[in-house]
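> Dropping the sequence and predicted coords here.
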There are 2 protein chains.
Amino acid sequence: MLTTQTPDIRPDFPASMLHVQDAGWQRQGKLWSNLKELCDLLRLPTAASSLDDEESLFQHVQFKTGQRIHTIGQAFDTLYIVHSGFLKTVAIDEFGNEQVLSFPMKGDLFGVDGIHSRRYSSEAVALSSCDLVLLPFKKFTAIGRTHAELEHAMYSVMSRELVREQAMVSMLGGLSAEARVARFLVSLSDRFADMGYSSKVFNLRMTRHEIGSYLGLTLETVSRTLSAFNEIGLIIVDQRSITIRDLDALKTLRRLPPSTLRAKQARKARAVALAATTPSGSAQTVGS
Amino acid sequence: MLTTQTPDIRPDFPASMLHVQDAGWQRQGKLWSNLKELCDLLRLPTAASSLDDEESLFQHVQFKTGQRIHTIGQAFDTLYIVHSGFLKTVAIDEFGNEQVLSFPMKGDLFGVDGIHSRRYSSEAVALSSCDLVLLPFKKFTAIGRTHAELEHAMYSVMSRELVREQAMVSMLGGLSAEARVARFLVSLSDRFADMGYSSKVFNLRMTRHEIGSYLGLTLETVSRTLSAFNEIGLIIVDQRSITIRDLDALKTLRRLPPSTLRAKQARKARAVALAATTPSGSAQTVGS
DNA sequence: CGGGTCTTTGATTAGGTTCAATAAGAGTGG
DNA sequence: CCACTCTTATTGAACCTAATCAAAGACCCG
């Protein structure tokens, strides 16, 4: 029911994205972006400077689902910016345990962890077809020297990443499983919103296992928690498809009400869901 | 017993540190460092370049135990490098819960989280008397433009921080309480080692509560875990003083043996401890 | 259709939190 | 210097959250 997950060879493009696709490059070939486009992509105000000199272009590369962009230990020389598609970055500890570190998507920078040791300390894998902008680090720093705002932009983006990681640590350190899953959904919703997708209805691009790894939980706990959210009407979940029904509740959720109260809440939720769907004539049913 | 914690007005200085104190600045006044000294401090190979022009100096500032270096939301304009002393950085989530993010010490950079939003997103507090180098961000980026290696150094340090945070996430996501505490001790040991202190015997500068917050555990769990390590002879712990007895075991520890085996191990540990201490004529006793 | 991966759900266990009481320091002021 | 207080640390017991083990259903792809 609802949008059955399409194995995203091509993620759903809302109308609002089409103009972006046309900006400076062509439909499906190998492409190039200039500095201004990069700054837009990174959501950095370009300060309207002389960035429009067309001398410095950055190449795009395409990856298919499952392909590895870089691996752990590989010599570092380029940063990546996601132009479209979804990925995961993964660390592998000394005894083979995978740990998902992030799910880069449009506008995100990754590969930064390679700067210090000159080797990538994580690996990046495409979760869907991806279009990435290559940022050769040497070329990049060279340009940074003549374009002050680009240099600052770089610091800014790295700083943003650091804040994100800190928020992550804070979440893992302090929040319950339910709160983690709730925030994960909220952050996805936010990201989809400013990418021009629907913030209410979307498909997860990753497995329960990957979500669990990212949130420091087991896949079963993730699954159960999503089911519980579904039951009390915060979301509608069906496999990979998610519909957000009460974003505010998800944002502020710290701990789910004890199971004794759940039944009542579930009944109420079903009633609300019914009221919301029947007027539109849809035959959709909620719950198990 | 052992080094009873001195409320470190002045942390224990081993002989190997004295020359560092003399490098370019005077004993206890307000002081200045040049670029080369900064790079040394940050453990970055200076590439033997023209960094020895003496034009750009950076001011030091002293803080006393408990003083706040910056607070959350405060306008960002400077980065800090720890020259001596110990600090903590703390995030405070939407409902007042403190979360320790890091324990900066000699050679660490902090304040980076302020670059992106132009406001600090965390607060930094001195856990001992501290001597910090001020790095006004504007001045710094200006210099970076003429000194390529400084710019690269900055990227490198920020990258290092990011990798550190990733390791933290990985730890919180995947390891047991015991493993976290063990690694915390190992990382402290390492840091003390390359600061020229003893890697085997040191005083914790933070409370159990702060350690717990940092590791995503309660203070009781930290206390219990340290006691357990003490019991089986991995460390000797007495309040804030720590003696590492089996670093390798701490490094590889994933989970403590079940309590049925503990008694045996504890007896053995006591025997070993006795053998190690009596020959030297010390009257030291181990365990409770 | 059949093999493989992913997801859901249940039952049980265990690691860690919470609550609580005690002890040990550190700092203060008489 | 000692009594008093406040903070920090240790330890115990009960409880609870999330992990683990297990089984069955859903979806995907050749």
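Perfect, thanks for sending it. Residues are numbered from 1 along each chain as shown, chains lettered A, B, ... in the order given.
> low-scoring stretches of the stretch 151-288 of chain A, by residue?
Low-confidence segments of the stretch 151-288 of chain A (pLDDT under 70): A:257-264, A:266-267, A:269-270, A:273-288.
> How about the residues of it by DNA strand D?
Counting by Cβ under 7 Å from any atom of the strand, the residues of the stretch 151-288 of chain A close to DNA strand D are A:176, A:177, A:178, A:216, A:217, A:218, A:220, A:221, A:238, A:239, A:255, A:258. Just so you know, the C-beta spots here come from the backbone N, C-alpha and C atoms, and that holds for glycine as well.
> One more pass at 10 Å, please.
A:175-181, A:212, A:215-225, A:228, A:238-241, A:255-259 (Cβ under 10 Å from any atom of the strand).
> could you pick out which of the residues you listed are near DNA strand C?
A:176, A:212, A:218-225, A:228, A:238-241, A:255.
> Just the buried residues of those.
Burial by neighbour count, 16 or more other Cβ atoms under 10 Å in any protein chain shown: within these this picks out A:212, A:221, A:222, A:223, A:224, A:225, A:228, A:240, A:241.
> of all those residues, which two lie farthest apart?
Largest separation among those by Cβ to Cβ: A:221 and A:241, giving 20.0 Å.
> helix, strand or coil for residue A:82?
Here residue A:82 is recorded as strand under DSSP: H, G, I helix; E, B strand; the rest coil.
> circling back to that earlier point, go through the residues of the stretch 151-288 of chain A next to DNA strand D and flag which are in strands.
A:238, A:241 (DSSP state E).
> Sort out which of the residues of the stretch 151-288 of chain A next to DNA strand D are in helices and list them.
Mapping these onto helices (DSSP state H) picks out A:177-181, A:212, A:215, A:219-225, A:228, A:259.
> need the residues of the stretch 151-288 of chain A near DNA strand C, please.
A:173-174, A:176, A:204-212, A:218-228, A:230-231, A:237-242, A:255, A:287-288.
> Quick one: residues contacting residue A:224.
Neighbour list for residue A:224: empty [criterion: Cβ atoms under 8 Å, 6 or more residues apart in numbering or on different chains].
> got it, and residue A:121?
A:72, A:91, A:113, A:114, B:163, B:166 are the contacts of residue A:121 under Cβ under 8 Å, 6+ apart.
> what's the closest non-adjacent residue to the third one?
If I follow you right, that is residue A:113. Spatial nearest neighbour of residue A:113, excluding adjacent residues (Cβ to Cβ, 6 or more residues apart in numbering or on different chains): residue A:121 at 4.5 Å.
> Quickly note the distance from that neighbour to residue A:210.
Plainly put, residue A:121 is 19 Å away from residue A:210 if you go by Cβ to Cβ, to the nearest Å.
> is it possible to export the buried ones among the ones next to DNA strand C among the residues of the stretch 151-288 of chain A next to DNA strand D to TSV including distance to residue B:45?
Converted to TSV, these look like this (distance: Cβ to Cβ, whole Å):
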residue	distance to residue B:45
A:212	40
A:221	45
A:222	44
A:223	49
A:224	51
A:225	48
A:228	53
A:240	48
A:241	52
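> hmm, back to that, can you tell me which of the ones next to DNA strand C among the residues of the stretch 151-288 of chain A next to DNA strand D is closest to residue B:68?
residue A:176 (30.0 Å).
> is the strand or helix carrying residue A:89 up against chain B anywhere?
Element membership for residue A:89 (DSSP states H and E) is strand A:87-92. Yes: using Cβ under 8 Å from any Cβ of the partner chain, strand A:87-92 reaches chain B at residue A:91.
> now that strand: how far from the chain's centre is it?
Here the centre of strand A:87-92 is set off from its chain's centre by 13 Å, with Cα atoms, centre = their mean, to the nearest Å.
> same deal with stretch A:161-168?
14 Å.
> Also stretch A:172-179?
19 Å.
> buried ones in that stretch?
Here stretch A:172-179 shows A:172, A:173, A:174, A:175, A:177, A:178, A:179 as buried, counting by 16+ other Cβ under 10 Å.
> State the pair within those residues that is farthest apart.
Top of the distance list for the buried residues of stretch A:172-179 (Cβ to Cβ): A:173 and A:178, 15.7 Å.
> just the strands in the stretch 1-150 of chain A please.
A:32-34, A:57-63, A:68-70, A:78-84, A:87-92, A:98-102, A:109-110, A:123-126, A:130-136 (DSSP state E, counting those that start in this stretch).
> and residue A:155, that's in a helix?
Yes: applying three-state DSSP, one finds residue A:155 inside a helix.
> So it sits against residue B:141, correct?
Yes: counting by Cβ atoms under 8 Å, residue A:155 touches residue B:141, with 7.4 Å between them.
> Those two - which one has more neighbours?
Comparing residue A:155 with residue B:141 by other Cβ atoms under 10 Å in any protein chain shown, the one with more neighbours is residue A:155, at 21 against 18.
> Identify the residues contacting that one.
Residue A:155 neighbours (Cβ under 8 Å, 6+ apart): B:115, B:141, B:154, B:158.
> tell me which of the residues you listed is nearest to DNA strand C?
Each of those was scored against DNA strand C by Cβ to the nearest atom of the strand, and residue B:158 proved nearest at 30.3 Å.
> Quick check: nearest residue in space to residue A:249, chain neighbours excluded?
residue A:234 (5.4 Å).
> Please apply the same query to residue A:139.
residue A:56 (7.8 Å).
> My read is that the one you found contacts residue A:33, right?
No: counting by Cβ under 8 Å, residue A:56 does not reach residue A:33; the two are 9.8 Å apart.
> These two: which is more packed in?
A direct count of neighbours by other Cβ under 10 Å for residue A:56 and residue A:33 places residue A:33 higher, at 22 against 18.
> on that earlier part again, and the contacts of residue A:121, which two are furthest apart?
A:91 and A:114, at 12.7 Å, using Cβ to Cβ across the contacts of residue A:121.
> Mind splitting chain A into its structural domains?
In terms of domains, chain A is parsed into A:20-147, A:175-280 (source: automatic domain parsing).
> Rebuild those as a markdown table, extending it with distance to residue B:186.
A markdown table is the format used below for the domains of chain A (distance: least, Cβ to Cβ, whole Å):
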| stretch | distance to residue B:186 |
| --- | --- |
| domain A:20-147 | 12 |
| domain A:175-280 | 21 |
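> Of all these, which one is nearest residue B:137?
domain A:20-147 (15.4 Å).
> now check that closest one, is it near DNA strand D?
Yes: counting by Cβ under 10 Å from any atom of the strand, DNA strand D has neighbours in domain A:20-147: residue A:65.
> Please compute how far that domain lies from its chain's middle.
Taking the mean of its C-alpha atoms, domain A:20-147 sits 14 Å from the chain's own mean (Cα atoms, centre = their mean).
> Residue B:165 versus the nearest residue to residue A:217 once chain neighbours are set aside, what's the distance?
Leaving aside its sequence neighbours, residue A:217 sits nearest to residue A:177 (Cβ to Cβ, 6+ apart; 5.4 Å). Shown here: residue A:177 relative to residue B:165, a distance of 22 Å by Cβ to Cβ.
> which residues touch residue A:137?
A:76, A:77, A:78, A:79, A:115.
> let me fix that: residue A:180
A:171, A:172, A:215, A:216, A:217.
> The third one contacts residue A:209, doesn't it?
No: the pair formed by residue A:215 and residue A:209 falls short of the contact definition of Cβ under 8 Å, at 11.1 Å.
> neighbour-wise, which of these two wins?
residue A:215 (23 against 15).
> Count the residues that sit near residue A:248.
If we define neighbours as other Cβ under 10 Å, then residue A:248 has 9 of them.
> actually residue A:125, not the one I wrote
19.
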